Structure formats: structure tokens, C-alpha cells
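1. Return atomic coordinates for the entry below.
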Amino acid sequence: MPGPSKRRFKLGGMDLEALGQCVRRVQGSGQEYAAMQVSHGGNNHFGYKVVAMAREALQDHPNPELRDLRGLETAWKVKLLSGAPAKENEDPDGVGLQDWQVVLYCAGSSPNAALDLVHLILKHKVNKGHAVVMPNLCVAAPPQCDLLILPEPWVLFPAAEMLPPFGAVPPSGRRHILGQLEIKEARGDSQAENILYIFSLFGGIYLFRELFEASGIPGTYIKQGGDSDYMRYMEFTDSDEHKEQIQHVLQNVLLRRPVYFINGTGDADNGMAVWMIAQDSVFLQETDK
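-> I've put the predicted structure just below:
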């Protein structure tokens, strides 16, 4: 089977306004979520037949709205994904998706509903003899995560290593959000304010189409090297005003979802790239030299 087809475009110097634009307008948009990956091990670890175990555990839930996976998503706003490998396009963007990496997504900024589900499944496994004892339940979380009050019996374990956000499949499809920064034009001297940048966003951006449109972020199809993709893009200089616009997109359009960041400026120490990496939802993954 051929390896993943990475979509990496060189946009610097191109006249994007001359390219055809096509935007599908449909109902619905993305929402902010909390993501939780589960580390587990052993023959009866949490991830083994996790979807089947979840179905069984929910059948006796006291809330009749939570007795199947559909109710879990509609009433509790929690989505459970086993990370089962795809038959094709296993990692379409080459971001490092890991097979069978269990992940839970729940609406809002707190993962507590997902933590309650994990505890419920583990109690079911112990009661049915699939596991001998209840393991210690610990949570590792970034500083900005809303974990002020954890549900029992969970405890915060701040020293634990965080799992990479791109190892688990995203909430919809198999494409994470990718962002690439490039220098489009250097005008005059080498002062930062004289450099025109372009920041392109592609991958799993379809859910946010209405929010992009509402914020006036243009989009276009682009084809290079045999690959075709739809992207949104911003052109800007290193100014406070433009940085506020980028933060608006990261926080209010993409709703703080992790961005797989590609520094295409050719300089690991580029000031704009360094600023981008400092944003909470941006994770440096590649640097062009």
C-alpha cells in the first residue's frame, strides 16, 4: 500500500485572487470541544472492544436518554472513537495518526463528561469480570484546560506527558487542521513590518465554513504537483492588528482546535513563526529549510 500523500503547497509569490474560488454553503458549523485521549495497556485494557463495552455499559444507565451511543452524542454531547484504521487514506495528510488510539470528544471546554464515560465503562468491565480491579484514574492536562473540578475518582496528574493531539482521529473524518506560514513578498528593507506573509489553512476545515465566511476569510482550490485541496488563507504583515485577526481565527473560527503547523518561511527563528507557535492551539510539526 502506498504511503500517505502529504499536501504541502508553496503559495508564496502566487496571485491567489486570480485563482477560481468555490465555496459550498450548507447548514451547520463546527463547535468547541474538549478532547481526551486514553492511555491504556494489558490484555483487558480500556481500548479493547471499547465501543461494544460502551454499548453494554450504557444499557443500564439510569437516564433513559443515555442508553445507547446515539443518546451519548445527543444528550451527553460525547463522541467515542476507537481509532480503528481506515481501509484506505489511513493518514491522508501524513500527520502521524495512530491506529487504535482511543479518543473521546465532548462539547464545551471541560472533558468531565468524557471522564464520567470512561469511569462508567471501567466499572462495567470490573462488574462483568472483564477486568480484575478498577485502575487508578489520572488526568494529564495542559494549563489552559478547564479542569477546576474533576469528577470522582479522577485526580490530576500534571507531571504526565501529554499525548500528541494529531495521533488520534479528529471528531469528523480523518483530516486534522493544517496551517502553513510562508513569506509571500519582502518589500523594501528586512524590517518585520515590510514582510508580507500568507497563512493557509487546509485539511479538516469544512466544518467551519460558515464561521470562515462570517469572518470574511477567503477560500480557494489549489492544485500543485498532482494534489488538489481546498484552503482558506490570510495575507498579513507582522502587526498587532493582523495578529489580532489571526487570534480571532484560531479562537472564534476554528474554536481552538489543534493546528498542525508548518513553518514554510525557511527560517526556524522567523519572528512571525515563533509568535504563531506561542498560540495555545498551534503545534509546530514541520519546518522547511
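2. Name the nearest residue to the one residue sitting closest to the centre of the chain, sequence neighbours excluded.
-> Central residue of the chain (C-alpha atoms, centre = their mean): residue 258, 4.1 Å from the mean position. Leaving out its chain neighbours, the residue that sits closest to residue 258 by C-beta to C-beta, 6 or more residues apart in numbering is residue 165, at 4.0 Å. Any C-beta I mention is one placed from the backbone N, CA and C, and that applies to glycine too.
3. Look at the one you found and tell me its secondary structure.
-> Under the three-state scheme (DSSP: H, G, I helix; E, B strand; the rest coil), residue 165 adopts coil.
4. ok, now residue 73?
-> At residue 73 the chain is in helix, as set by three-state DSSP.
5. contacting residues for it?
-> Contact partners of residue 73, counting by C-beta atoms under 8 Å, 6 or more residues apart in numbering, are residue 79.
6. coming back round to it: can you pull the contacts of the residue nearest to the centre of the chain?
-> 165, 166, 176, 177, 281, 282, 283.
7. again, only using 10 Å
-> By C-beta atoms under 10 Å, 6 or more residues apart in numbering, the contact list for residue 258 reads 35, 95, 164, 165, 166, 170, 176, 177, 280, 281, 282, 283.
8. residues near residue 153, how many?
-> 10 (other C-beta atoms under 10 Å).
9. Quick check: the residue nearest to it when sequence neighbours are not counted vs residue 235, distance?
-> Spatially, and ignoring its direct neighbours in sequence, residue 153 is nearest to residue 137 (5.6 Å; C-beta to C-beta, 6+ apart). In this view, residue 137 and residue 235 are 47 Å apart by C-beta to C-beta, to the nearest Å.
10. Around the residue nearest to residue 153, count how many other residues there are.
-> Neighbours of residue 137 under the rule other C-beta under 10 Å: 16.
11. so it makes contact with residue 121?
-> No. With contact defined as C-beta atoms under 10 Å, residue 137 does not count as touching residue 121 (11.4 Å).
12. any idea where the strands of the stretch 1-150 of the chain begin and end?
-> Here the stretch 1-150 of the chain has its strands, by DSSP state E, counting those that start in this stretch, at 33-37, 78-81, 103-107, 138-139.
13. any chance of those in CSV, with distance to residue 67 and mean neighbour count too?
-> Output for the strands of the stretch 1-150 of the chain, formatted as CSV (distance: least, C-beta to C-beta, whole Å; neighbours: other C-beta atoms under 10 Å):
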stretch, distance to residue 67, mean neighbour count
strand 33-37, 22, 21
strand 78-81, 14, 20
strand 103-107, 18, 22
strand 138-139, 26, 16
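14. right, so of those, which gets closest to residue 129?
-> Proximity to residue 129 (C-beta to C-beta) singles out strand 78-81 among those, at 22.1 Å.
15. about what we covered before: out of the contacts of residue 258, which one sits closest to residue 55?
-> For those, the closest approach to residue 55 (C-beta to C-beta) belongs to residue 35, at 21.7 Å.
16. Any figure for the gap between that closest one and residue 47?
-> Counting by C-beta to C-beta, the separation of residue 35 from residue 47 is 16 Å.
17. ok, now residue 89?
-> Residue 89 sits 22 Å away from residue 47, going by C-beta to C-beta.
18. Between the two, which has more neighbouring residues?
-> Between residue 89 and residue 47, counted using other C-beta under 10 Å, the more crowded position is residue 47 (16 against 12).
19. Can you name the residues that contact the closest residue to that one other than its chain neighbours?
-> Nearest residue to residue 47, sequence neighbours excluded (C-beta to C-beta, 6+ apart): residue 102, at 4.5 Å. Applying C-beta under 10 Å, 6+ apart, one finds that residue 102 lies in contact with 36-40, 45-48, 50-51, 80-84, 118, 168-169.
20. Settle this for me: residue 178 is touching residue 254, isn't it.
-> No. In this structure, residue 178 is not within contact of residue 254 by C-beta under 10 Å, at 11.4 Å.
21. shared neighbours, these two?
-> Here residue 178 and residue 254 have 201, 204, 205 as joint contacts, going by C-beta under 10 Å, 6+ apart.
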